[in-house]
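> Structural data only, the sequence is not supplied:
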C-alpha cells in the first residue's frame, strides 16, 4: 500500500523536476542530471521516502486512510518535501540557495502536492 505512494510522491515529481531543469536550462550546459543526481540534492527524495512511510503511519493511527483525505495528504507531502529541501539546503552552505531556487522554479513542491494527492486518492479508494 505504501509502495505506490512512494513511486508517485517521490519518484515522479523528482523526475519531472529533473526534466524541467534540463528543459528550462538551469545553466548553460545540459547538466540537469548532474545537478539532481550528482550533488547533495539526491538526499531530498531519499529522505522523502521515509517521510511518506511516516505520513501513512500517522494517518493510519488516526483512522485517516480514506480517499477523501487526499488534499490533506497532498499538502502534508508537499510541506514535508519543502522542509526537507530547507534542511538539505541548510547543510549545503553557500550552494543551499541553488536548491531553494531549483525547488521553487521547477515546481518540485507543487508536483509533490499534485501527484501525492492523486496517488492518495487512488490508493485508498
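Good, I have the coordinates. The model shown is predicted, which means the values in this text are computed figures rather than measured ones.

> Check which helices and strands the helix or strand in which residue 54 is found sits against.
Assigning secondary structure by DSSP states H and E places residue 54 in helix 43-61. If contacts are counted by 3 or more C-beta pairs under 8 Å, 6 or more residues apart in numbering; DSSP states H and E, helix 43-61 sits against helix 2-6, helix 70-91. The way it works is simple: take the backbone N, C-alpha and C, and place the C-beta from them, glycine included.

> Of all the ones you listed, which one comes closest to residue 54?
For the helices and strands packed on helix 43-61, the distance to residue 54 is smallest for helix 70-91, at 8.3 Å, taking C-beta to C-beta.

> for the following helix or strand past the closest one, packing partners?
Counting by DSSP H and E, the element after helix 70-91 in chain order, helix or strand, is helix 96-105. Secondary-structure packing of helix 96-105 (3+ C-beta pairs under 8 Å, 6+ apart): helix 12-24, helix 32-37, helix 70-91.
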